[in-house]
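Asks: Structural data only, the sequence is not supplied:
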C-alpha cells in the first residue's frame, strides 16, 4: 500500500514537472542573447483597449486591431463577423476574413523576432495563444502591443487586462502551442517589416477577393516597390486598376509585369489586350493577344481572347 | 431524413459537383481576363481541379458554419471572404479547428488538482 502511494506521488510530481517543461523557449533564449537590430524595448502607445466579454476574445482582439488602424468599430460590431456560437469562440480564418472585409491587409507572422520587429516599427499584432495545455487547450486571441527584453516581457491587451505583462518565455510557449500564429494588421499600402513575398501577395489577393480593390491596389503597389521583379504584384495591380476602371494605370502595371518576367508573361499579355481594347487601341490589343498566344500556344483562353479581339477589330 | 454528418456532407459534395459541372460551359472556352489568384496559387493544369475542390469546400464550410449557429447570410459572406487555399484548410475539419475563447484558468485548476492529489495520497 505504501509502495503504491509512493509511486502515485512520484507520478504526480512527474506530471507537474512535465507540464512545466513541455515546450521550448528557443527563440526567446536566442533573442535575449542577441536581439540583432531590434531595440531592447518598444511600445505601441495608442492601441485602444476593449475588455472582452465572455467568449469574445476574438471580437475584442479584432476590434482593437481595426480600431488602431483608424476604423470606428467596437467589440459588438465584430461579433457577427467572427464569433461562432456553436464553438463558443472564434476561428482563425474568420478573423482573417473580417480584417479583409474591413479593408485591412492581414499578413501572417510566424517567428518571435518578426513579431517583435513589427512592434518595434510601431505596429501592434494580433496573436493566438494556447493558455492551457496541448491536451487541455484554452485558446485565446490577444493584441501584442510592446516588449521589454531587459525585463524579459511581452506586453499585451489580453482579455480583461490592459497592458498585461507576460514573461517572454511563457508567451513563446503559449504561442508555440497555438501554432506560432500571429497577424500584422495593416492599412492599405503598408507592409510588414519582415515578410516573404508570397505571404504578402496572398494577403493582397484576399483583399481583391472581398472586393476591397482600392486597398488591394495599394498593397500590390507596395509589394511591387519592395520587390520590383514580382510579376504577381504588378499583375495584381493591373487587375485591380482594370476593375477600378483606371485603364492607364492598368496598362502601366501589366507592362511592368511583362518587363519583370518576359519569358512567361502570357497572363499579363492576355489581360493587357483587354485593357488596350478598352482604351480603344484595337491594333495594339490584337498584338498583345498574339504575344499571349505565342507565349503558350496550348492555352485556350489566350486563343479565345485573340479570336474575340480580332473579331472586334474587323467588326464595323 | 436524418443522415450522419459525414454522409450528409458527401451527399452535398456530389450534388454541388453536379451543379458546378452543369454550370460550366461545355466545349467552349470563354475569352477572359486571368485572375490574380490563379497567378499566385495555381498554375495552368492544376488550376481547374483546385477551383472545383475549392468550390465544393465553400458549400461545405458554409453549411457547417450555419450548423454552428452563424446566420446563413453571414456564413456566406465569411466563406466568400476566404481564398481557395484558406477555404480548403477550413473545410478539412472545422469542428477540430481551435476556437479562441477566454484567458481561462485551466492550467491553474489542473495544477491545484494535482497538488491536492499529491497531498491526499
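Replies: That came in fine, so what should we check first? Since this is a predicted model, take the numbers as computed values, not measurements.

Asks: What is the end-to-end distance of stretch A:45-59?
Replies: 21 Å (Cα to Cα, to the nearest Å).

Asks: Secondary structure element for residue A:144, which one?
Replies: strand A:139-148 (DSSP states H and E).

Asks: Quick check: mean pLDDT of that strand?
Replies: On average, the pLDDT along strand A:139-148 is 96.

Asks: Partner strands of it and their direction?
Replies: Applying DSSP bridges to the sheet, strand A:139-148 is found paired with strand A:41-43 (antiparallel), strand A:125-130 (antiparallel), strand A:153-158 (antiparallel).

Asks: what pLDDT, on average, does the shortest one get?
Replies: This predicted structure assigns strand A:41-43 an average pLDDT of 96.

Asks: List of residues touching that strand?
Replies: A:116, A:119-120, A:122, A:145-151, A:155 (Cβ atoms under 8 Å, 6 or more residues apart in numbering or on different chains). C-betas here are computed from N, CA, C, even on glycine.

Asks: again with the last one
Replies: By Cβ under 8 Å, 6+ apart, the list of residues contacting strand A:153-158 from outside reads A:43, A:47, A:49-50, A:57, A:61, A:64, A:127, A:140, A:142-148, A:163-168, A:171, B:103.

Asks: Pull out the buried positions in that strand.
Replies: Residues A:153-158 are the ones in strand A:153-158 that count as buried (16 or more other Cβ atoms under 10 Å in any protein chain shown).

Asks: Next one, pLDDT for residue 70 please.
Replies: All of this is about chain A. 94.

Asks: I was after chain B.
Replies: Value listed for residue B:70 in the pLDDT field: 93.

Asks: one step back: list just the nearest of the contacts of strand A:41-43 to chain B.
Replies: residue A:155 (15.4 Å; Cβ to the nearest Cβ).

Asks: tell me the contacts of the residue lying closest to that closest one once chain neighbours are set aside?
Replies: What sits nearest to residue A:155 in space, not counting adjacent residues and going by Cβ to Cβ, 6 or more residues apart in numbering or on different chains, is residue A:146, at 3.9 Å. Contacts were defined as Cβ under 8 Å, 6+ apart; by that measure residue A:146 touches A:41-44, A:119, A:154-155.

Asks: Generate a ChimeraX selection restricted to the buried entries among those.
Replies: Applied in ChimeraX, the following selects the buried portion of those according to 16+ other Cβ under 10 Å:
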select /A:41,42,44,119,154,155
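
Asks: contacting residues around the residue nearest the centre of chain A?
Replies: Nearest to the geometric centre of chain A sits residue A:107, at 1.4 Å (Cα atoms, centre = their mean). By Cβ under 8 Å, 6+ apart, the contact set of residue A:107 is A:183-184, A:186, A:191-192, A:195, A:199-200, A:203.
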